[in-house]
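K.L.:
here are the coordinates; sequence isn't available:
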DNA sequence: CAGACTCGTCAACACTTGTTCACTAAAAAA
DNA sequence: TTTTTTAGTGAACAAGTGTTGACGAGTCTG
């Protein structure tokens, strides 16, 4: 009888320990606790490797965390770019955008859970890194909006405000989505419908906005 | 030379240890880490009391957490009720409401930090408790809105959707506020201004909403 | 005043944590 | 092939963890 690890993950082949560690950490984030509450030892244990092997790949846990963070956002960024360069946004495309976004969330549940939990509870370094990424999305969205003819009369500051409103809300809905069980498809559908309505409502508000009134 | 605790808090008078423990935990949440990452021993240490004394007041850390959660929301709830029964909301009162709310956040920074960090990273019990409270606020807001004449044509489901939009956004702005340094008053002012604009934009959108269209 | 009970202390336990160092099997480079 | 580098193991450490039980000072109650 060969030695077995308690968890499902087998001993990684030589040279794949790094990936095994990252996968193990993500798995623990889904099943157990936020990343910042994980211990080096339990990650290595789940990865099927001895604790000291960790140091061959990362100087400490926070380095693993930052790597995971990078991995989480890199694929998300490229997806966003695809969505952005489709067509000019209008009322009808809201549904489609939300749908592809939430599908992406579903397919990358572990990464989103990782980010969501660290956004508030992580180390200052981690929190700042995440907030920077989110701010970047907000900026890009504002720049996209600046290209719409019917938003010509809105100044830059207010565009930022509008984009922030959208991003804030999508972020909140994402967390709501992550709280649902993976199998709860009707719940997920409800969130999607709510999301679409809320964005449409914002769309209406944006249409009525005048920057030149009593706005600073 | 008498024995001194390393932290500022002196040894609590007999019979006040419970309060000292709660205060110590809250303090550590502000200065160190989310509540779920605190150890029983460091809380008692900061409270100026021996670890075993903890058990005279709480069965375990999670009980302390739930007590803290209760304390956090009880005063918030009563403040909300005050605000709610002022006047009928209109465009002009948005500013005032946001101002009093954010003042309250500033004056209860520790409690809000505690809640914000546990909302995503806490135990399932804790997360559910917090989400239940937030959902309660959303419901109350939706009920308030139902009383406005100009919202008669909006059905219950859509009112919920609108209230959710407001609450989502205020929640996000609160977290943004908490990230700022306590002394950064200009930053806080900016968030307040953004908040008011965003709510006014939502207000516009609400005014244009028709529930009877193609909305489920 | 005497007894009971409340609420804190102290010592000890079994266990987990991060990190060190020396060692070796396997792969890469010479 | 021989040599060197890489990537894993295993034992050991000091420190911190939750929880136990017996004990005693202070306070309340009779």
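P.N.:
Cool, the structure landed. The structure presented is a predicted model; accordingly, all values stated were derived computationally and were not measured.
K.L.:
and residue A:82, what pLDDT?
P.N.:
pLDDT for residue A:82: 83.
K.L.:
meant to ask about residue A:211
P.N.:
pLDDT, read off for residue A:211, is 81.
K.L.:
that one: how many residues sit nearby?
P.N.:
Neighbouring residues of residue A:211 were enumerated by other Cβ atoms under 10 Å in any protein chain shown; the total is 16. Backbone N, C-alpha and C define where each C-beta goes, glycine included.
K.L.:
how far away is it from residue B:175?
P.N.:
27 Å (Cβ to Cβ, to the nearest Å).
K.L.:
could you do residue A:132 as well?
P.N.:
Taking Cβ to Cβ, one finds residue A:132 at 15 Å from residue B:175.
K.L.:
can you list the low-confidence ranges for chain A?
P.N.:
Applying pLDDT under 70 to chain A picks out residues A:1-10, A:13, A:86-89, A:213-216.
K.L.:
where exactly do the strands run in it?
P.N.:
Remark: no strands are assigned in chain A by DSSP state E.
K.L.:
tell me the residues of it that contact chain B?
P.N.:
When proximity is defined as Cβ under 8 Å from any Cβ of the partner chain, chain A approaches chain B at A:33-34, A:36-37, A:116-121, A:127, A:131, A:158, A:161-162, A:164-165, A:168-169, A:171-173, A:175, A:179, A:193-194, A:197-198, A:201-209, A:215-216.
K.L.:
can you list the residues of chain A near DNA strand D?
P.N.:
By Cβ under 7 Å from any atom of the strand, the part of chain A that sits against DNA strand D consists of A:11-12, A:14-18, A:49-53, A:56-57.
K.L.:
centre-most residue in chain A?
P.N.:
Of all residues in chain A, the one closest to the mean position by Cα atoms, centre = their mean is residue A:112, 4.4 Å from it.
K.L.:
dump the residue contacts of residue A:121.
P.N.:
Each residue near residue A:121 by Cβ atoms under 8 Å, 6 or more residues apart in numbering or on different chains is listed here: A:34, A:36, B:33-34, B:36-37, B:117-118, B:120-121.
K.L.:
which of those tops the neighbour count?
P.N.:
Neighbour max across these (other Cβ under 10 Å) = residue B:121, 26 neighbours.
K.L.:
relative to residue A:43, how far out is the residue nearest to that one when sequence neighbours are not counted?
P.N.:
Leaving out its chain neighbours, the residue that sits closest to residue B:121 by Cβ to Cβ, 6 or more residues apart in numbering or on different chains is residue A:121, at 3.5 Å. To residue A:43, residue A:121 is 17 Å away according to Cβ to Cβ.
K.L.:
repeat that for residue A:146.
P.N.:
As judged by Cβ to Cβ, residue A:146 and residue A:43 stand 44 Å apart.
K.L.:
ok, the two, which is more surrounded?
P.N.:
residue A:43 (25 against 15).
K.L.:
in helices, which of the residues of chain A next to chain B appear?
P.N.:
Mapping the residues of chain A next to chain B onto helices (DSSP state H) picks out A:116-121, A:127, A:131, A:158, A:161-162, A:164-165, A:168-169, A:171-173, A:175, A:179, A:193-194, A:197-198, A:201-208.
K.L.:
of those residues, buried ones?
P.N.:
A:116-121, A:127, A:158, A:161-162, A:164-165, A:168-169, A:171-173, A:175, A:179, A:193-194, A:197-198, A:201-206 (16 or more other Cβ atoms under 10 Å in any protein chain shown).
K.L.:
which residues touch the residue lying closest to residue A:200 once chain neighbours are set aside?
P.N.:
Ranked by Cβ to Cβ, 6+ apart and with sequence neighbours excluded, the top spatial neighbour of residue A:200 is residue A:94, at 5.9 Å. Contact analysis of residue A:94 by Cβ under 8 Å, 6+ apart lists A:196, A:199-200, A:203.
K.L.:
for these, which one is nearest residue A:74?
P.N.:
residue A:199 (25.6 Å; Cβ to Cβ).
K.L.:
separation between the closest residue to the closest one other than its chain neighbours and residue B:26?
P.N.:
Nearest non-adjacent residue to residue A:199, counting by Cβ to Cβ, 6+ apart: residue A:94, 4.8 Å away. To residue B:26, residue A:94 is 42 Å away according to Cβ to Cβ.
K.L.:
likewise for residue A:115?
P.N.:
26 Å.
K.L.:
between these two, which one's more packed in?
P.N.:
residue A:115 (28 against 20).
K.L.:
isn't that one right next to residue A:130, touching?
P.N.:
Yes: at 6.0 Å, residue A:115 counts as touching residue A:130 under the criterion of Cβ atoms under 8 Å.
K.L.:
identify the contacts common to these two.
P.N.:
With Cβ under 8 Å, 6+ apart, residue A:115 and residue A:130 have common neighbours residue A:69.
K.L.:
for DNA strand C, what are the nearby residues on chain A?
P.N.:
A:14-15, A:39-42, A:51-52, A:54-55, A:60-61.
K.L.:
same thing but at 6 Å, please
P.N.:
Contact residues, chain A versus DNA strand C (Cβ under 6 Å from any atom of the strand): A:14, A:39-42, A:51-52, A:55, A:60-61.
K.L.:
list the ones among those that fall in helices.
P.N.:
A:40-42, A:61.
K.L.:
what subset of those is buried?
P.N.:
For those, buried by 16+ other Cβ under 10 Å: A:40, A:42, A:61.
K.L.:
neighbours of residue A:54, how many?
P.N.:
Counted with other Cβ under 10 Å, residue A:54 comes out at 22.
K.L.:
how near is the nearest residue to residue A:111 once chain neighbours are set aside to residue A:25?
P.N.:
Of all residues not flanking residue A:111 in the chain, residue A:72 sits nearest, at 4.1 Å (Cβ to Cβ, 6+ apart). Relative to residue A:25, residue A:72 is positioned 12 Å away (Cβ to Cβ).
K.L.:
ok, the two, which is more surrounded?
P.N.:
residue A:25 (24 against 21).
K.L.:
nearest residue to that one other than its sequence neighbours?
P.N.:
residue A:43 (5.1 Å).
K.L.:
show me the contacts for that neighbour.
P.N.:
Neighbours of residue A:43 in contact, by Cβ under 8 Å, 6+ apart: A:21, A:24-25, A:28, A:54, A:61, A:64.
K.L.:
go again using 7 Å as the cut-off
P.N.:
A:21, A:24-25, A:28 (Cβ atoms under 7 Å, 6 or more residues apart in numbering or on different chains).
K.L.:
who wins for neighbours among those?
P.N.:
Neighbour-wise, those (other Cβ under 10 Å) top out at residue A:21, 26 neighbours.
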